[in-house]
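Q: Turn this into a structure:
(4 chains)
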2 protein chains.
Amino acid sequence: MASAKKASDRRDQLILATLDAIRDRGIANLRIQDVATRAGVATGTVHYHFNDLDQLINDVYAWACDRFYTTRLNALAGVEDARDQLVLMIDAGVPESENDALVIAMHDIDLYRRGNATMGLLLQALYERQVALYFAALQLGVAQGHFRLSGPVVDLAQNLVALEDAYELHIISGNRSAAPDRARELILGYARTVTSCADLQLRR
Amino acid sequence: MASAKKASDRRDQLILATLDAIRDRGIANLRIQDVATRAGVATGTVHYHFNDLDQLINDVYAWACDRFYTTRLNALAGVEDARDQLVLMIDAGVPESENDALVIAMHDIDLYRRGNATMGLLLQALYERQVALYFAALQLGVAQGHFRLSGPVVDLAQNLVALEDAYELHIISGNRSAAPDRARELILGYARTVTSCADLQLRR
DNA sequence: CACGCGCTTGATTGTCGAGTCAATTAGTAT
DNA sequence: ATACTAATTGACTCGACAATCAAGCGCGTG
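A: Sure, this is the predicted structure:
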């Protein structure tokens, strides 16, 4: 028997296992058994911590959205220059490879739950938080005298998020014409244009 | 009994029925029965025309990609002014509502088949055809003296396609912050900026 | 009109996996 | 140590659905 754990630890472990399972098998083919195997427990254990598959997927989605947002928020902490903030956002917003389990799970679940009003609101909430991050960075850049914006701040922020989303999708779908490095460069190109700030560069 | 039809007609009818079924139930919950009911035939008929569910989905995807592209291509026929072409592309590229069965099917299947190399190539092929359309319109606009581009033509074309894709996704997922009208305006804003052409307007 | 092939039917079979549950074990408090 | 609760197990039930198939129907052709 896998040694008994505190419930909250086991839940986190199962959520991580689910992320891997979704990446490997797709959410449409996700079985309780896949999660259990990856976590090294029996299927009954999964049902003990999550009532059913629906609840597991809901919890995974909430967890993933939260993780995705807070990771980026934390990355910005302590960065004073708006140009660095913007570059950091773009860099962190594009998955490293087509196997980013977090990004895959969010997109899979988005479509899996299409039509569900609650899920639509969660998606919208994440979208607006991301827009807010870009909004803040753009606004700061203007105040710091680095940016001269080509249009309304919100419009530019929304488009930056949209570009990120689209390239995430193409990357995880295996479109080689929009690979990670290329995607970052394209988004950065957009950022340079709309901020009139030529020295936005990836520092890697 | 539904009266017997020529096989190719029945196939088209079943493909259309599948588009509706995917929109209504999501691809993960798609049952042969859903397709049969919507087409007004028995389940056996679906199996007669498509070996199995996999093949049906493959054929639907190929059909949808082709339809999506050729529709836009035809819309451009006879339009001489690059500004009109660009506006037309943007207008036609954003779904009217969250219930656009064609767009929904393409996105659902993209993710459903993630990891499948063949599918990745089909996606890439569609992507590149769309990029080519925008590329042509941008280039033409320069030649006609209407556009002054802010960067490499390919970069701008790729970003236009990406913006379209992203807003499609948000619209069909029910994100109210990126509704059809707003999405079109945002993409158009991008187009105006990168072409330095202020008189790009939706004529509706 | 009769024959045959292509299309259609829907009952049936077999597989797969979600969810249940009674038994068991691990952890914790007294 | 004892007793109690929480966590874990995996065999089992049961419904859902893909795929098969034998039988029936009707259109086109001779």
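
Q: alpha carbons only for contacts and neighbour counts from here, please
A: Noted.

Q: Domain parsing of chain A, as residue ranges.
A: A:1-50, A:66-195 (automatic domain parsing).

Q: Turn those into a markdown table, columns for distance to residue B:155.
A: As requested, the domains of chain A are exported to a markdown table (distance: least, Cα to Cα, whole Å):
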| stretch | distance to residue B:155 |
| --- | --- |
| domain A:1-50 | 30 |
| domain A:66-195 | 6 |
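
Q: Quick check: which of the ones you listed is buried the most?
A: Comparing those by mean neighbour count (mean count of other Cα atoms under 10 Å in any protein chain shown), domain A:66-195 ranks first with a mean of 19.

Q: Endpoint to endpoint, that domain covers what distance?
A: 29 Å (Cα to Cα, to the nearest Å).

Q: Could you look up the next helix or strand downstream of the lengthiest helix in chain A?
A: In chain A, taking DSSP state H as the definition, the longest helix is helix A:117-143. Going down the chain from helix A:117-143, the next helix or strand is helix A:153-172, by DSSP states H and E.

Q: what mean pLDDT does that following helix have?
A: For helix A:153-172, the mean per-residue pLDDT is 98.

Q: now do stretch A:53-72
A: Averaged across stretch A:53-72, the pLDDT comes to 96.

Q: Check which helix or strand residue A:19 maps to.
A: Here residue A:19, judged by DSSP H and E, is contained in helix A:7-25.

Q: rewinding a little: distance to DNA strand D for the domains of chain A - can I get that in JSON lines?
A: Shown next, in JSON lines, are those (distance: least, Cα to the nearest atom of the strand, whole Å):
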{"stretch": "domain A:1-50", "distance to DNA strand D": "3"}
{"stretch": "domain A:66-195", "distance to DNA strand D": "15"}
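
Q: Which positions in chain A make contact with DNA strand C?
A: Listed as neighbours of DNA strand C in chain A under the rule Cα under 7 Å from any atom of the strand: A:1, A:3-5, A:29-33, A:43-44, A:47-48, A:51-54.

Q: just checking, which of the residues you listed belong to helices?
A: Short answer: those in helices (DSSP H) are A:32, A:33, A:43, A:44, A:47, A:48, A:53, A:54.

Q: Against residue A:73, how distant is the nearest residue to residue A:171 once chain neighbours are set aside?
A: Leaving aside its sequence neighbours, residue A:171 sits nearest to residue A:98 (Cα to Cα, 6 or more residues apart in numbering or on different chains; 5.3 Å). Per Cα to Cα, residue A:98 is found 23 Å from residue A:73.

Q: and if you look at residue A:180?
A: Using Cα to Cα, one gets 21 Å for the distance from residue A:180 to residue A:73.

Q: mind checking the backbone torsions on the closest residue to DNA strand C within chain A?
A: Nearest residue of chain A to DNA strand C: residue A:31, at 3.0 Å (Cα to the nearest atom of the strand). With angles defined as degrees, to the nearest 10, residue A:31 sits at phi -110, psi 150.

Q: What's the per-residue pLDDT of it here?
A: Residue A:31 carries a pLDDT value of 98.

Q: and if you look at the one 5 residues further on?
A: In the prediction, the pLDDT value recorded for residue A:36 is 98.

Q: chain center to the helix or strand hosting it: distance?
A: Here residue A:36, judged by DSSP H and E, is contained in helix A:32-39. Between the centre of helix A:32-39 and the centre of its chain there are 23 Å (Cα atoms, centre = their mean, to the nearest Å).

Q: what about it and chain B, touching?
A: No: contact of helix A:32-39 with chain B (Cα under 8 Å from any Cα of the partner chain) is absent, the minimum separation being 15.7 Å.

Q: From the contact counts, what lies against that helix?
A: Helix A:32-39 sits against helix A:7-25, helix A:43-49, with contacts defined as 3 or more Cα pairs under 8 Å, 6 or more residues apart in numbering or on different chains; DSSP states H and E.

Q: Out of those, which gets nearest to residue A:122?
A: Nearest to residue A:122, of all those, is helix A:7-25, at 18.0 Å by Cα to Cα.

Q: tell me what that closest one is packed against?
A: Helix A:7-25 is packed against helix A:32-39, helix A:43-49, helix A:53-76, helix A:101-112, with contacts defined by 3+ Cα pairs under 8 Å, 6+ apart.

Q: Please enumerate residues in contact with it?
A: If you take Cα atoms under 8 Å, 6 or more residues apart in numbering or on different chains as the criterion, helix A:7-25 is touched by A:30, A:34-36, A:38-39, A:46, A:49, A:56, A:59-60, A:99-102, A:104-105.

Q: Output the below-cut-off pLDDT ranges for chain A.
A: A:1, A:204 (pLDDT under 70).

Q: got the contact list for residue A:122?
A: Contacts of residue A:122 (Cα under 8 Å, 6+ apart): residue A:62.

Q: switch the cut-off to 10 Å
A: For residue A:122, the contacting residues are A:61, A:62, A:65, A:110, A:128, B:175, by Cα atoms under 10 Å, 6 or more residues apart in numbering or on different chains.

Q: quick check, distance from stretch A:133-151 to the centre of its chain.
A: 23 Å.

Q: Same check on stretch A:194-204?
A: Relative to the mean C-alpha coordinate of its chain, stretch A:194-204 is positioned 22 Å out (Cα atoms, centre = their mean).

Q: try stretch A:40-59
A: For stretch A:40-59, the gap between its own C-alpha mean and the chain's C-alpha mean amounts to 23 Å (Cα atoms, centre = their mean).

Q: and that stretch, does that touch chain B?
A: No: against chain B, stretch A:40-59 shows no contacts by Cα under 10 Å from any Cα of the partner chain, the least distance being 13.1 Å.

Q: Need the residues that contact that stretch.
A: With Cα under 10 Å, 6+ apart, stretch A:40-59 has contacts from A:1-3, A:7-8, A:10-15, A:17-19, A:22, A:27, A:30-37, A:39, A:60-61, A:63-64, A:105, A:109, A:112-113, A:119.

Q: Could you do stretch A:75-84 as well?
A: When contacts are defined by Cα under 10 Å, 6+ apart, stretch A:75-84 is touched by residues A:70, A:85-86, A:88-90, A:92, A:133-134, A:136-147, A:191-192, A:195, A:197, A:199-203.

Q: Good, wrapping up.
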